[in-house]
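Participant: Here's my sequence, what's the structure:
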Amino acid sequence: MVPAEIKITSQLKVERLIDHPLGTILEYPDTASSHYGNVAHRFTVNPHSKYHPRGNIQYSLGGIHGGEKNKFCGDLLLGADGKKVLCKKEKTSCKGLKRCQYFSNGATNIQRNSKPTLEETVFKKTLAFFCAVVETGCSFDSSNLHIDYGGDSDSDYDSDDEDSTLCSGKMILAYNRYNQPRLQCEYRSQVDTAHLILRNLQEFNISYLSALLSKDINEIHSHEANAFRNGYGPLVPCTFQASPSEQKDQCSFWHRSQEGKLHRGALRLKLDCEVSYVIYTPYNLFACPQVVIISRSIHSHAPPPRIKTPPPIEDIFTSMLIKLGWKLADATPRKIMTESGFMDSLREYLGHDSPVDPPLSALHPSLGNYDHVRRIINSLRKVEYPCGTGFLGAELLAQKHADLPKDMQYVRCAESHTIEGGKTFYLVICMSKTMAFSLIRAQYISIDTAFKRVHGKWQEFEIETWDSEGMMSYVGARAFTTSQSAKAHFILFTRIFQFVTQITGLPVQFRHIHGSGFHVWSADAHKGQALGAGMYCQQLCRDLVGVCPIEPTKMLKNLDPYDHLCRFYRLCVVHFKRNIHDLCTRVTSDVYNAMLSLSSVNEHNIDSVYEFIKNGGPKARAWIKDKLDAKFVIPAIHQPASLIPLPVWQASSSTTNGNEQAHRNINRDGINLTLLGGIMRGMQYDFRIQSSLTLQSTEGVYVHDQLSTEFYCSMTSVSHHVLSQCRIEKQSPRKSPQKKKKFSCKQLSIIPMAQLSSGSNSTASSILPLDVFGGTGEMLQSSGIDS
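Facilitator: The predicted structure follows:
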């Protein structure tokens, strides 16, 4: 620092010169001691750096612009030879702060307590609640009444926001018979109950809230004048101000205007700051690696908060983000703080050795604002993924994978198709070479769709199979779709198996068509999946001239989708029973057990079971009608009604638990992801599983100490059933204690199901299915046991 006055030009002199070494980040440059003084800041800079010291200043610059070329900065900027260097001279000024239109510098005699009183707390909560209600209104949209029931839906409903009509009804205060207030839309009624109603109003000042809703000027003034005298409320002058760089145009608080209107004040830019800056930048920074910034006068306002991240620090932050690689596709402020790689980089840069991880604000206070951090991440993401992280990004990724070595290719396609109603169906198929070979060699597979992993309109479809040597399930194909219709699934299966044949050179075959290949597919009761699979088999038989090996009287090319399904398609027993369990309180126990008995491998008079269920009430009648109308459900759950041989049926899986476990495992890697993030995490997961299977077969090293054997799998299954039943028992209503009666198996006699249709009602009520033994289809009749 030089105390003597330094001459820059004949009209510009500085009272102080402050030198800043290389790497200095100066956010609040010192100003002069008077309105007419000047202070010079001389920065040593890296000539290779793209950042200028002016970019680090937190004050918003730009009020007065101007510049001159080929100017000298006195003796402050000299070359290596001691001669003055030519500079670019720029002029700018401080833009001050944005202030609320009701802003006051605080020149008031109102005294405020540091801690709000109880009355103030209730008043502010009431005012905030009223303003929120006014801001949102009822917001009921009569055009958006679609309810997605999921699961078995075969619909591709897409809401049309352009046709939405929001309710414009006023919010009124009403009371029930117990004098309890509620706030509701004026159009709400016992018939139209979708309009907004808010009942929990105990924490508000009902007198003030009622006055606001009814626009009782006198009552409103009484409450707000009292608040004003105590230093709070909408009549108190505002102290809110913000930096011009903040994207805000309204005050955060509500005020009462002179006309009596309650609204948020507008933020206005006050160009009343007298500080200006003169900046000298040498044209040749290699000859003179220094920059001078001269600040003139004194700021008329307080320094703004450190909301801007200086470019050099932002550059360091983004370099840490880039190290995340593909994980950047789904990076958020919260996720990066739990990402060990990012945290290691942050710790290393800060020299942080505490057991507690440093916050982002340790790098710079502005990074404590997660919205600001999110904007930085989004900006970087646009650079790294120019096509975005949605479908266009998946298209670009598919193109890149097409150029990779065959063993590393994973994303096979990202394409769109037009389906029913002219709707566009988007499809992304992911499959490695190893997955394709595993799938084509499989005999028993299961299919399922998950909805958690990728956000928005996307669903994740998996084909899962079982490795009998490694005794573990794995995914043979993964796809992301936007439709659950039969046509969409037909396209999905067609494209998946086209890629399987293209990769392996082997044709796709089914046991019931070609004599080998896929024996059984297990799935849930989704109609779109089932019909799409049947349509795919129908297409395979389109050019075949042979007869069906199971029913020689039928030509293969004449089989319809449902004919194919009864030859290879099974439903998951867990899904089937779960659907029945939802009806347990709507039907009698006998009807409930009759429904469960349909899941069976034993012959019995199934027509009599249908009739028994139909006579079980409207819910039971609707349930059995739905299953019969679906055509494929009964053959897929009742082996005698199917054309799948009993040994093949028993060798296949009765559940889609493998898919559910695969979904659960990969969901641990992240849910609610972008499409690109879901694809990349799926790729990492699938290649890890392939590595585990290869390690088992080549080195004999298993994933766990306990070898996965048939016995171990059965033990695990039984244990899960025990835990499940214990949980259900705890959740069920407590039954009244009854004296337990002992009986032996000699007291039970087995009768055929056929007697259901001929027996009396009293006989039927004493018959219980043996579903606890796997649903044999036979019944137990009580003999002398009190009911």
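
Participant: what residue of this structure is the furthest out?
Facilitator: Going by Cα atoms, centre = their mean, the residue of the chain most distant from its centre is Ser10, 64.0 Å out.

Participant: Now do that residue against Gly74, distance only.
Facilitator: 10 Å (Cβ to Cβ, to the nearest Å). To be clear about C-beta, it is placed using only N, CA and C from the backbone, and glycine gets the same treatment.

Participant: Now stretch 495-502: buried residues?
Facilitator: 495-497, 499-500 (16 or more other Cβ atoms under 10 Å).

Participant: could you dump those to CSV with secondary structure and distance to Leu97?
Facilitator: Formatted as CSV, those follow (DSSP: H, G, I helix; E, B strand; the rest coil; distance: Cβ to Cβ, whole Å):
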residue, secondary structure, distance to Leu97
Arg495, helix, 59
Ile496, helix, 60
Phe497, helix, 65
Phe499, helix, 60
Val500, helix, 64
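
Participant: Give the buried residues for stretch 385-392.
Facilitator: Going by neighbour count (16+ other Cβ under 10 Å), the buried part of stretch 385-392 is 385, 388-391.

Participant: Let me fix that, I meant to ask about stretch 430-440.
Facilitator: Buried residues in stretch 430-440 (16+ other Cβ under 10 Å): 430-436, 438-440.

Participant: Tell me where the stretch 451-600 of the chain has strands.
Facilitator: 459-467, 472-481, 520-523, 569-571 (DSSP state E, counting those that start in this stretch).

Participant: now do the stretch 651-787 of the chain
Facilitator: Secondary structure of the stretch 651-787 of the chain by DSSP E, counting those that start in this stretch: the strands cover 748-751, 767-769, 779-782.

Participant: mean pLDDT lowest for which of those strands?
Facilitator: Of all these, strand 779-782 carries the lowest average pLDDT, namely a mean of 34.

Participant: so what pLDDT did Ser168 get?
Facilitator: Confidence at Ser168, expressed as pLDDT, is 82.

Participant: surely it meets Ser139?
Facilitator: No. Counting by Cβ atoms under 8 Å, Ser168 does not reach Ser139; the two are 9.9 Å apart.

Participant: Mind exporting the C-alpha coordinates of stretch 253-264 to PDB?
Facilitator: Only the C-alpha atoms of stretch 253-264 are listed here, as PDB (Å, rounded to 0.1, in the frame of the first residue of the first chain):
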ATOM      1  CA  PHE A 253     -43.700 -10.100   2.000                       C
ATOM      2  CA  TRP A 254     -47.300  -8.800   1.600                       C
ATOM      3  CA  HIS A 255     -48.200  -5.200   2.000                       C
ATOM      4  CA  ARG A 256     -51.400  -3.100   2.200                       C
ATOM      5  CA  SER A 257     -51.400  -0.400  -0.400                       C
ATOM      6  CA  GLN A 258     -52.900   3.100   0.000                       C
ATOM      7  CA  GLU A 259     -55.900   1.900  -2.000                       C
ATOM      8  CA  GLY A 260     -56.400  -0.900   0.600                       C
ATOM      9  CA  LYS A 261     -55.200  -3.700  -1.700                       C
ATOM     10  CA  LEU A 262     -53.200  -6.500  -0.200                       C
ATOM     11  CA  HIS A 263     -50.300  -7.600  -2.500                       C
ATOM     12  CA  ARG A 264     -46.600  -8.300  -2.800                       C
END
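
Participant: got a list of contacts for it?
Facilitator: For stretch 253-264, contacts defined as Cβ atoms under 8 Å, 6 or more residues apart in numbering pick out 100, 102, 127-128, 131, 134, 212, 217, 224, 234-235, 238, 240, 250-252, 265.

Participant: That stretch: which residues count as buried?
Facilitator: 253-256, 262-264.

Participant: For those, give me CSV that also has pLDDT and distance to Thr504.
Facilitator: CSV is the format used below for the buried residues of stretch 253-264 (pLDDT from 0 to 100; distance: Cβ to Cβ, whole Å):
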residue, pLDDT, distance to Thr504
Phe253, 91, 67
Trp254, 92, 67
His255, 93, 71
Arg256, 92, 75
Leu262, 92, 70
His263, 91, 68
Arg264, 91, 64
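
Participant: Switch these over to CSV; also include secondary structure.
Facilitator: Shown next, in CSV, are the buried residues of stretch 253-264 (DSSP: H, G, I helix; E, B strand; the rest coil):
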residue, secondary structure
Phe253, strand
Trp254, strand
His255, strand
Arg256, strand
Leu262, strand
His263, strand
Arg264, strand
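
Participant: Quick check: of these, which lies closest to Ala488?
Facilitator: Closest approach to Ala488 among the buried residues of stretch 253-264 (Cβ to Cβ): Arg264, at 46.8 Å.

Participant: Over to the closest residue to the closest one other than its chain neighbours: give its phi and psi.
Facilitator: What sits nearest to Arg264 in space, not counting adjacent residues and going by Cβ to Cβ, 6 or more residues apart in numbering, is Gln250, at 4.5 Å. Backbone torsions for Gln250, taken as degrees, to the nearest 10, come to phi -130, psi 150.

Participant: before we move on, back to that, quickly check the buried residues of stretch 495-502 for the two that are furthest apart.
Facilitator: Going by Cβ to Cβ, the pair spanning these furthest: Arg495 and Val500, at 9.8 Å.

Participant: For beta bridges, what are the partners of Tyr280?
Facilitator: Beta-bridge partners recorded for Tyr280 (DSSP bridges): Lys89, Val292.

Participant: That one - how many residues pack around it?
Facilitator: For Tyr280, the count of nearby residues is 24 (other Cβ atoms under 10 Å).

Participant: check contacts around it.
Facilitator: Residues in contact with Tyr280 (Cβ under 8 Å, 6+ apart) are 71, 73, 76-77, 87-89, 291-294.

Participant: Just send those residues back as CSV, with neighbour count and pLDDT too.
Facilitator: Formatted as CSV, these follow (neighbours: other Cβ atoms under 10 Å; pLDDT from 0 to 100):
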residue, neighbour count, pLDDT
Lys71, 16, 91
Cys73, 27, 91
Leu76, 21, 92
Leu77, 22, 92
Cys87, 24, 94
Lys88, 14, 93
Lys89, 19, 92
Val291, 22, 96
Val292, 23, 95
Ile293, 24, 94
Ile294, 24, 92
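
Participant: Go through those and name the one nearest Val278.
Facilitator: Nearest to Val278 among the contacts of Tyr280, counting by Cβ to Cβ, is Ile294 at 4.4 Å.

Participant: Which SSE is immediately downstream of whichever strand or helix holds the closest one?
Facilitator: For Ile294, the host element (DSSP states H and E) is strand 290-296. Counting by DSSP H and E, the next helix or strand C-terminal to strand 290-296 is helix 311-322.

Participant: list the helices and strands that following helix packs on?
Facilitator: Using 3 or more Cβ pairs under 8 Å, 6 or more residues apart in numbering; DSSP states H and E as the contact criterion, the elements in contact with helix 311-322 are helix 340-350, helix 370-384.
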